[in-house]
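K.L.:
Pasting a predicted model and its sequence here:
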Amino acid sequence: MEFLNITAPFPLENGASLAELKIAYTTYGRLSPEQDNVVWICHALTANSEAEEWWPGLAGKGKLLDPEHYFIVCANILGSCYGSTYPRSADPATGQPYGRDFPLITIRDMVRAHQLLQAHLGVERIRLAIGGSMGGQQVLEWAVMDSGLFENICILASNARHSPWGIA
């Protein structure tokens, strides 16, 4: 796992902002000289950036998403407890954890954090973006925000809008 630290304010969709942003991420494989082998995995709510651990049937050596063939990126979502900025992160203004003062995070905010990592990694084109459940929502939102970025998207067990039952 690696970390990207952004020291500039990160504005959120709801009008609030985070003074700093830390994005935990894991990459597998190597980026080809043509940059045509990028697979971006967006994880579900309870997962992390270690895709080979929680998706062993799909990602890993000899699997469909094989790091011998692809440069695989999986970023931990903003607000998750697995390394990215989240409620127990220190608020730079107080030096104390955000706790209940942590701002509301949307799928679009998560995607905008992915875009910062994308720029940091120098990725200009993504061959496949794939995600299940909330990861699928991230892929869908990202494809709407930047449709020309992706060659293919794969959305699994997901939707564009939650029902009241799904929110409960």
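P.N.:
Okay, I see it.

K.L.:
rest of the way, CA atoms for contacts and neighbours
P.N.:
OK.

K.L.:
Longest helix in the chain, by number of residues?
P.N.:
helix 107-121 (DSSP state H).

K.L.:
That helix packs against which elements?
P.N.:
helix 134-145 (3 or more CA pairs under 8 Å, 6 or more residues apart in numbering; DSSP states H and E).

K.L.:
wait, what's in contact with the residue lying closest to Glu50 once chain neighbours are set aside?
P.N.:
Spatial nearest neighbour of Glu50, excluding adjacent residues (CA to CA, 6 or more residues apart in numbering): Thr26 at 6.2 Å. Thr26 sits next to Met1, Glu2, Ser49, Glu50, Val73, Cys74, Ala75 when contact means CA atoms under 8 Å, 6 or more residues apart in numbering.

K.L.:
Could you measure from Thr26 over to Leu18?
P.N.:
23 Å (CA to CA, to the nearest Å).

K.L.:
Same check on Asn159?
P.N.:
Following CA to CA, the distance that separates Asn159 from Leu18 is 28 Å.

K.L.:
What of His69?
P.N.:
Applying CA to CA to His69 and Leu18 gives a distance of 36 Å.

K.L.:
Can I get stretch 87-99 in PDB? Just the C-alpha atoms.
P.N.:
Output in PDB follows, covering the C-alpha atoms of stretch 87-99 (Å, rounded to 0.1, in the frame of the first residue of the first chain):
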ATOM      1  CA  PRO A  87     -13.400  10.400  10.600                       C
ATOM      2  CA  ARG A  88     -10.500   9.300  12.900                       C
ATOM      3  CA  SER A  89      -8.000  11.300  10.800                       C
ATOM      4  CA  ALA A  90      -6.600  14.400  12.500                       C
ATOM      5  CA  ASP A  91      -8.400  17.600  11.600                       C
ATOM      6  CA  PRO A  92      -5.400  20.000  10.800                       C
ATOM      7  CA  ALA A  93      -7.400  22.900  12.400                       C
ATOM      8  CA  THR A  94      -7.600  21.200  15.800                       C
ATOM      9  CA  GLY A  95      -5.000  18.400  15.800                       C
ATOM     10  CA  GLN A  96      -7.800  16.100  17.000                       C
ATOM     11  CA  PRO A  97      -9.700  13.400  15.100                       C
ATOM     12  CA  TYR A  98     -12.600  14.800  13.000                       C
ATOM     13  CA  GLY A  99     -15.000  12.400  14.700                       C
END
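
K.L.:
Of all the residues in it, which ones are buried?
P.N.:
Neighbour-count burial for stretch 87-99, counted by 16 or more other CA atoms under 10 Å, picks out Pro87, Ser89, Asp91, Tyr98.
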